[in-house]
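Enquirer: Got a predicted structure plus its sequence, pasted below:
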Amino acid sequence: MRNCCIVALCIVFYGCSSSQNSPESSITANQILQDVSWLASDEMQGRHYRSIEARKAAKYIADKWKLAGLTPLPTKTSMYLPTGDSRDSPNVAAMYKGTGDTFVLITAHYDHLKPRRSGKDKIYNGADDNASGTAALLAIAHALSKLQTPIQSSIVLVAFTGEEAGLVGSKYFANNSPIPLAKIRGLMNLDMISRGEPNTIFLEGAPDAPRINMAIVRANKQVSLNIIRNAHTDWLHRSDQAPFLEKNVPCIFLSVEDHEDYHQVTDHTDKIIPELAAKTARLAFLAAIDLAHPVP
């Protein structure tokens, strides 16, 4: 009977995954490339979290989420969530409303590094780190707008500020959460998802988040990524899932290996693998829908 329920859920919630009309099919490599190209352009000056350009990036994210029909979090009237310091660009958070009172979070940081003082190329464009993860959030929002069936948990997208400055945005969110942390079924953080081996993504945190892991296993039957699990457990403390793990929120982290352009001015858009980022975004989207519809 349980197997029958799983099959029924897959039919109802996913539909025909091979169909060009399925929500996840709207997540494309071209869409990822366009958003990364804008976010990682020289004009954006690296999106340092205390810059005008970071605030422009925050507006770009919020505007696209509004177009996708997402709304501010409960009790909030804006998608901009300030940190405790007015000098910081804000976290940006929005949700696709479910029928219940629980939440599934998909997160990424949108900031990078301030320009260096000298050199022919001064700008840390941060195409992979982390315009790629931010572009995935934008693509996931677009896919959410295509859903036809109500979901139980609300799916919350959060673009964090200040990750490069010591997890500023995610620490503030976790310590002053606008949603009850106990109501979060799972959090998936995307940070650097577009470089390295084609079709390969690293997954950390699965042993302590079995429900998320199983959702990813089921989602990957449609996405067909090569997922390398638990190869870098130290990564769990290096990105925005860390403050939530400290508060016992189930979390996983999706990323690629560090590469020669990591935190270098050479992290340019022409070096990313847009299809890898798109497939990782599809994986997170499908896993989030799975988490939002728990099997009885």
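Expert: The structure has been received and is ready for your questions.
Enquirer: what residue ranges in this structure score low on pLDDT?
Expert: Along the chain, the parts satisfying pLDDT under 70 run over 1-20, 295-296.
Enquirer: All the helices of it, in order from the start?
Expert: 2-14, 29-39, 52-67, 132-144, 168-175, 210-223, 242-245, 274-292 (DSSP state H).
Enquirer: elements contacting the third one?
Expert: This means helix 52-67. helix 29-39, strand 91-96, helix 132-144, strand 154-160 (3 or more Cβ pairs under 8 Å, 6 or more residues apart in numbering; DSSP states H and E). For the C-beta atoms, the positions are set from N, CA and C on the backbone; glycine is no exception.
Enquirer: quick one: that helix to helix 132-144, angle?
Expert: Interaxial angle, helix 52-67 versus helix 132-144 (axes from the mean of the first three to the mean of the last three Cα atoms, to 10 degrees): 20 degrees.
Enquirer: mind saving the C-alpha coords of helix 52-67 as CSV?
Expert: Below are the C-alpha coordinates for helix 52-67, written out as CSV (Å, rounded to 0.1, in the frame of the first residue of the first chain):
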residue,chain,number,x,y,z
ILE,A,52,25.1,49.6,-3.9
GLU,A,53,25.5,46.8,-6.3
ALA,A,54,24.4,44.2,-3.7
ARG,A,55,21.2,46.2,-3.1
LYS,A,56,20.7,46.2,-6.9
ALA,A,57,21.1,42.4,-6.8
ALA,A,58,18.6,42.2,-4.0
LYS,A,59,16.0,44.2,-6.0
TYR,A,60,16.7,42.1,-9.1
ILE,A,61,15.9,38.9,-7.0
ALA,A,62,12.8,40.4,-5.4
ASP,A,63,11.4,41.7,-8.6
LYS,A,64,11.7,38.3,-10.3
TRP,A,65,10.1,36.6,-7.4
LYS,A,66,7.2,39.0,-7.5
LEU,A,67,6.8,38.3,-11.2
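Enquirer: Just give me how far that helix sits from the chain centre.
Expert: Relative to the chain's own centre, helix 52-67 is displaced by 15 Å; criterion: Cα atoms, centre = their mean, to the nearest Å.
Enquirer: Make JSON lines out of the helices of the chain and add distance to D191 and mean neighbour count.
Expert: Converted to JSON lines, the helices of the chain look like this (distance: least, Cβ to Cβ, whole Å; neighbours: other Cβ atoms under 10 Å):
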{"stretch": "helix 2-14", "distance to D191": "26", "mean neighbour count": "12"}
{"stretch": "helix 29-39", "distance to D191": "14", "mean neighbour count": "21"}
{"stretch": "helix 52-67", "distance to D191": "15", "mean neighbour count": "19"}
{"stretch": "helix 132-144", "distance to D191": "5", "mean neighbour count": "28"}
{"stretch": "helix 168-175", "distance to D191": "11", "mean neighbour count": "22"}
{"stretch": "helix 210-223", "distance to D191": "16", "mean neighbour count": "18"}
{"stretch": "helix 242-245", "distance to D191": "11", "mean neighbour count": "20"}
{"stretch": "helix 274-292", "distance to D191": "11", "mean neighbour count": "26"}
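Enquirer: Which of the ones you listed sits closest to A159?
Expert: helix 52-67 (5.0 Å; Cβ to Cβ).
Enquirer: List of residues touching the closest one?
Expert: Contacts with helix 52-67, where a contact means Cβ atoms under 8 Å, 6 or more residues apart in numbering, come from 38-39, 43-48, 79-80, 89-90, 92, 94, 110-111, 134, 137-138, 141-142, 157, 159, 161.
Enquirer: redo that, cut-off 7 Å
Expert: 39, 44-45, 47-48, 79-80, 89-90, 92, 94, 110-111, 134, 138, 141, 157, 159, 161 (Cβ atoms under 7 Å, 6 or more residues apart in numbering).
Enquirer: just to revisit the earlier point, export the helices of the chain as CSV, with columns for distance to P150.
Expert: Shown next, in CSV, are the helices of the chain (distance: least, Cβ to Cβ, whole Å):
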stretch, distance to P150
helix 2-14, 10
helix 29-39, 25
helix 52-67, 19
helix 132-144, 12
helix 168-175, 26
helix 210-223, 18
helix 242-245, 26
helix 274-292, 10
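Enquirer: May I have stretch 95-110 exported as CSV, CA atoms only?
Expert: Output of stretch 95-110 as CSV, limited to C-alpha atoms (Å, rounded to 0.1, in the frame of the first residue of the first chain):
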residue,chain,number,x,y,z
MET,A,95,7.4,31.9,-0.4
TYR,A,96,5.1,29.8,-2.5
LYS,A,97,2.2,29.3,-0.1
GLY,A,98,1.2,25.9,1.0
THR,A,99,-2.0,24.7,2.7
GLY,A,100,-0.3,23.9,6.0
ASP,A,101,1.8,25.6,8.6
THR,A,102,5.2,24.0,7.7
PHE,A,103,8.0,25.1,5.5
VAL,A,104,10.7,23.8,3.1
LEU,A,105,13.6,26.2,2.5
ILE,A,106,15.8,26.5,-0.6
THR,A,107,18.6,29.0,0.0
ALA,A,108,21.7,30.5,-1.6
HIS,A,109,23.8,33.6,-1.0
TYR,A,110,23.9,36.4,-3.5
